[in-house]
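Engineer: Model the following, please.
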Amino acid sequence: MSDPVELDSTAFRGARRVMLLADGLIATTEIVRRMLVRAGFEPVVVTPETLASNRPFSPLVISRLALPRCGWLPQYLRTHGVGYAYFLDDNLFEIDSRQDPYNAAYFRRAGVRDTLSTFLLNAQVVWVQSPPLATYLREQFSSTAVSQINAGVDTDLFEAARQRATTADKEGDASTLRVGYPTTPRYHLATLIAGIVRAAEARFGNRVIFEFVGWWPDEVATAANVRTFPAIAGYDDFVNFAASRQWDVGLAPLGDSLFENCKTNLKFREYAALGVPGIYSDVALYRSCVEDGITGLLCVNDPDAWVAAISRLLDDRDLIGSIRRESGVSVLTRYSNASVAEAVANLLQRLEGGQ
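Structural biologist: Next comes the predicted model:
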């Protein structure tokens, strides 16, 4: 078989360009592109459909690509001495149809999984954002280098939104606890969430108000202690809206599956950047970033445990303040865009140097 593309391993290196070969123009591709820009590179975004008309060059980042028809590429790049970083933001080997029905059927195909393994085994480094995912891949692919770099959050964007929201009216008096939960559909968690709402209503009445943004279990939509808001498409608009609600507490329930535990800690980063103390499921993902009682509260996935955590914050406003401060420090030092950009720049510099 002849080489499908012409290779130029030195092109554009002086201009600090980086090729980003992605499985498609999806949200993950844009997230990676922005990280590369913040790291000081000029990304050239390529998809399988445009690969034939683009010369692969170094540094090269491949994102989530597992198309069997591209299975020739890892060995081809290896033969020509071009290393690449493979970016993975989900545990695609353990993808669960309950949490991701759209992608699960595709990534369960044997040919797709074999191609994904080929990309990982031939990568100079695999770039992940979740500590549990890094652990999983190191166990499954012991000969492959895995680099875990924290996902970032735009702390300046959140701070500006918080400043604009300082004069906003807040529903309820000082004794009311407003609990926020912005999310996409989580149908497998609906029973847990509904149980929390019902138990909180029975115990606290309207002293605790839940605000759902984007999705909520049908059975709680008309509950007296629930407010619902539609999904907000633009991220800046979402941040401004979330800051304007001035939540006292944020909920972050998560199942304990391998797939879910290997995702990024988005809820922790966003709540901390908003200055909102979070209550998180006591699962591996959140144990990797939340110090219980210091930067958030961890609790088992039982409605009574969640209501007990809510009660603790309702009765202890000093604890709310201390969690707000400590989680804010954590997000600034570990998850700010500046710190993430530096780590990404170091990763690509090592890639260029062949280390």
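Engineer: Could you measure from G293 over to S327?
Structural biologist: Counting by CB to CB, to the nearest Å, the gap from G293 to S327 is 12 Å. C-beta here means a position set from N, CA and C on the backbone, and glycine is covered the same way.
Engineer: so who does D114 touch?
Structural biologist: For D114, the contacting residues are 68, 71, by CB atoms under 8 Å, 6 or more residues apart in numbering.
Engineer: Check it and give its pLDDT.
Structural biologist: Note on D114: pLDDT of 97.
Engineer: gap between it and L65?
Structural biologist: Distance, D114 to L65, using CB to CB: 13 Å.
Engineer: One more: A221?
Structural biologist: 40 Å.
Engineer: Looking at the two, which is more packed in?
Structural biologist: Using other CB atoms under 10 Å, the more surrounded residue of A221 and L65 is L65, with 21 against 10.
Engineer: pretty sure the more buried one is touching I26, no?
Structural biologist: No - taking contacts as CB atoms under 8 Å, L65 lies outside contact range of I26: 11.4 Å.
Engineer: starting at the chain centroid, how far to the longest helix along the chain?
Structural biologist: Longest helix in the chain, counting residues (DSSP state H): helix 317-334. Here the centre of helix 317-334 is set off from its chain's centre by 20 Å, with CA atoms, centre = their mean, to the nearest Å.
Engineer: Same question for stretch 265-282.
Structural biologist: With CA atoms, centre = their mean as the basis, stretch 265-282 stands 12 Å off its chain's centre.
Engineer: Buried residues, it. List them.
Structural biologist: By neighbour count with 16 or more other CB atoms under 10 Å, stretch 265-282 contains the buried residues 265, 267-282.
Engineer: Please apply the same query to stretch 54-67.
Structural biologist: Buried residues in stretch 54-67, counted by 16+ other CB under 10 Å: 54, 56-67.
Engineer: Now W127: phi and psi?
Structural biologist: Per-residue torsions, W127: phi -100, psi 120 (degrees, to the nearest 10).
Engineer: What distance do you get for it to L192?
Structural biologist: Separation of W127 from L192 (CB to CB): 33 Å.
Engineer: Please say which of these two ends up with more neighbours.
Structural biologist: Neighbour count, other CB under 10 Å: between W127 and L192, W127 has more, with 27 against 18.
Engineer: For the more buried one, give me its contacts.
Structural biologist: Taking CB under 8 Å, 6+ apart, we find W127 in contact with 61, 85-88, 147, 149, 347.
Engineer: Keep only those of the buried residues of stretch 54-67 that are in strands.
Structural biologist: 60-63 (DSSP state E).
Engineer: I'd like those as a markdown table, with distance to H188 and pLDDT appended.
Structural biologist: Listed next are those as a markdown table, based on distance: CB to CB, whole Å; pLDDT from 0 to 100:
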| residue | distance to H188 | pLDDT |
| --- | --- | --- |
| L60 | 37 | 96 |
| V61 | 32 | 97 |
| I62 | 31 | 98 |
| S63 | 27 | 97 |
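Engineer: Widest-spaced pair of those residues?
Structural biologist: Using CB to CB, these span at most 10.6 Å, a distance reached by L60 and S63.
Engineer: joint contacts of these two?
Structural biologist: By the contact definition CB under 8 Å, 6+ apart, L60 and S63 are jointly contacted by L21.
Engineer: Kindly confirm my reading that V45 is in a strand.
Structural biologist: Yes - assessed with DSSP: H, G, I helix; E, B strand; the rest coil, V45 lies in a strand.
Engineer: Could you report the distance from it to L77?
Structural biologist: Between V45 and L77 the computed distance is 18 Å (CB to CB).
Engineer: Which one of those two is surrounded by more residues?
Structural biologist: Neighbours per residue (other CB under 10 Å) separate V45 from L77, with L77 holding more: 23 against 18.
Engineer: Distance check, the residue nearest the centre of the chain against R38.
Structural biologist: Taking CA atoms, centre = their mean, the centroid of the chain lies closest to T264, which sits 3.5 Å from it. Here the criterion is CB to CB. By it, T264 lies 16 Å from R38.
Engineer: Verify the contact between N337 and N150 for me.
Structural biologist: No - under the criterion of CB under 8 Å, N337 makes no contact with N150, lying 10.6 Å away.
Engineer: so what's the residue nearest to the centre of the chain up against?
Structural biologist: By CB under 8 Å, 6+ apart, T264 lies in contact with 89, 129-130, 151.
Engineer: Quick one: residues in contact with the helix or strand hosting A199.
Structural biologist: Secondary structure from DSSP states H and E places A199 in helix 190-204. Helix 190-204 is touched from outside by 177, 181, 186, 208, 210, 216-220, 223-226, 251, 253, 301-304, 306-307, 310-311, 314, with contacts defined as CB under 8 Å, 6+ apart.
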